[in-house]
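In: Sequence and predicted structure, then a few things I'm wondering about:
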Amino acid sequence: MSLRSLLRAVPATVRRDFAATLLVQFLVLGIGLYLFHLVAERGSVDGFAFYQIARSVVSTVQPALLLGLGVSLYRFLPRTVHTTRRLARQALAIEAGLVTAATLAGAVAGDEIAALLGLPGGSATVAVLITLGGSSLCAVGLAALRGAGQVVASNLAAGIGGAVVPLAAFAATDRIEDFLLLQGLATAVVGLGATFVVRRRRPPAPSTSTAPEPDIKTLIAYGVRRMPGELALPALFTVPTLAVAVTTTGGEDAGYVGFTTSAVTLICSVFAMLTPVLMPRISRLFHHGGEHRAVRRLLAVLPLLAAVAATLPTGVIILFASPMVHGFLGPEFDAAVPVLRLGVLAAVPLAMFYTARPALDVLFEAKAMSWLLVACLMVEVVTTVVGTRFLTPSYASMLGLLSAATVLGLTAVGLAANALRRSPA
């Protein structure tokens, strides 16, 4: 089949859902970038560094609190009919307990955590923990909606939790610390509401599958095995900022690195949104049997198309890094320009990984995916540590990100191609 034929084989509903999901994601990212400008304007270099460190802490710790429930809901909720709502609410209840315990434990050690990361004080640590809790609860609610096939509701909740709430919280507060606190509380409410609008799935077309519907134990068992990988993936983006923050005791360099990883996230968002759109459908489709040759061929070629597509925005950022930094952050952030130009190169191999990920998460067991992501995180850490002997912390962390992204992207493409060529079991 030609590439055009493969693309035409994509159902109209998939194209529509992807376009809508991508539009909402761009809105969320656009508001996030605008908040960078607002935070930099309000808090200057120190306030901006605090904000970036807080975002990195949330992204790093959240996968541990989620227990892999996000990817479990994507994978198993599409296979349910009678237990959809119950599983979603049970997952939220478990997450609420984990969030509460983590917040209380972190608050006790608030001053020590603040001293380690260069935060203003113990109250700042509490604000970050509240933001972490709200984001985690919202993530479970969104995963449940997407796993249940409620694309419109999930996009609405994502837009409110990721765009409306942060902007409104910033407008309603005067300090960065208060902004994080209010944002976390409001985001938790969004996650609660999202979970309670989950509906039962429609029964699938008749098939030969006689497997029982998954229960909460199935979700947790898979999620726990998948959790190392879920921890490692966001850590690829957050370890650079945290490494610089610890090495330099906070400071402006951490903000520069955080801005760069956010630029990489912006480019990869186009491809990362394939997971919530495609993974539930692929899981349901392959679970109920059939060859689905056209689908497999399309999934195999997508990573190569993603590499080509990601090259264009990457090149634009490299060419216009200086005016972008000055426009978003201000002229005093000029030192961020060379860091941005080096780190943004990681977007190309990461785009390849994200387009291969839906197939990998459906066709591979949890441990295989976890080992791949953990191994790439180790590549990043080792490269960063070695790099600091010859380079500044900022450049060393970006070199580590680029090395890990390259290994991850190429390996994911190879694994996905081999798995998709095999006949379904």
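Out: Now that the structure is in, tell me what you want to look at. Residues are numbered from 1 along each chain as shown.
In: so where's the stretch 251-400 of the chain uncertain?
Out: For the stretch 251-400 of the chain, the stretches with pLDDT under 70 are 251, 287-292, 294.
In: go with 80
Out: Where the stretch 251-400 of the chain drops to pLDDT under 80, the residues are 251-255, 278-299, 328-333, 335, 364-366.
In: Work out for me the element Ala235 sits within.
Out: Here Ala235, judged by DSSP states H and E, is contained in helix 216-248.
In: Tell me the first helix or strand C-terminal of that helix.
Out: Using DSSP H and E, the helix or strand that follows helix 216-248 towards the C-terminus is helix 252-272.
In: Name the next helix or strand downstream of that next one, please.
Out: That would be, after helix 252-272 and using DSSP H and E, helix 274-287.
In: now what about that following helix, what contacts it?
Out: 14, 17-18, 21, 74-79, 142-143, 146-147, 149, 151, 154, 204, 209, 211, 292, 295, 299, 302, 354-355, 357-359, 361-363, 424 (Cβ atoms under 8 Å, 6 or more residues apart in numbering). Where you see a C-beta, it was placed from the backbone N, CA and C, and this is true even at glycine.
In: Please identify the buried residues of the helix or strand just after that helix?
Out: For helix 274-287, the following helix or strand on the C-terminal side (DSSP H and E) is helix 293-319. By 16 or more other Cβ atoms under 10 Å, the buried positions in helix 293-319 come out as 295-303, 305-307, 309-310, 313-314, 317.
In: I'd like the distance from helix 293-319 to the chain centre, please.
Out: 18 Å (Cα atoms, centre = their mean, to the nearest Å).
In: Now do the next helix or strand after it against helix 293-319, angle only.
Out: Proceeding N to C from helix 293-319, the next assigned helix or strand is helix 321-328, under DSSP H and E. Interaxial angle, helix 321-328 versus helix 293-319 (axes from the mean of the first three to the mean of the last three Cα atoms, to 10 degrees): 80 degrees.
In: Can you dump the C-alpha atoms of helix 321-328 in PDB for me?
Out: Below are the C-alpha coordinates for helix 321-328, written out as PDB (Å, rounded to 0.1, in the frame of the first residue of the first chain):
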ATOM      1  CA  ALA A 321      16.200  31.200  19.300                       C
ATOM      2  CA  SER A 322      17.400  34.700  20.200                       C
ATOM      3  CA  PRO A 323      14.200  36.700  19.400                       C
ATOM      4  CA  MET A 324      12.100  33.900  20.900                       C
ATOM      5  CA  VAL A 325      13.900  34.000  24.200                       C
ATOM      6  CA  HIS A 326      13.900  37.800  24.300                       C
ATOM      7  CA  GLY A 327      10.200  37.900  23.300                       C
ATOM      8  CA  PHE A 328       9.000  35.400  25.900                       C
END
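In: helices and strands around that helix, which ones?
Out: helix 12-66, helix 336-343 (3 or more Cβ pairs under 8 Å, 6 or more residues apart in numbering; DSSP states H and E).
In: re earlier: cross the contacts of helix 274-287 against helices and list the overlap.
Out: 14, 17-18, 21, 74-76, 142-143, 146-147, 151, 154, 295, 299, 302, 354-355, 357-359, 361-363 (DSSP state H).
In: Can you turn the buried part of those into a PyMOL selection?
Out: Those of the ones in helices among the contacts of helix 274-287 that count as buried under 16+ other Cβ under 10 Å are selected in PyMOL with:
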select buried, resi 17+18+21+74+75+76+142+143+146+147+151+154+295+299+302+354+355+357+358+359+361+362+363
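In: Enumerate every residue touching the most centrally placed residue in the chain.
Out: Nearest to the mean C-alpha position of the chain, by Cα atoms, centre = their mean, lies Pro234 at 6.2 Å. Listed by Cβ under 8 Å, 6+ apart, the contact set of Pro234 reads 59-60, 62-63.
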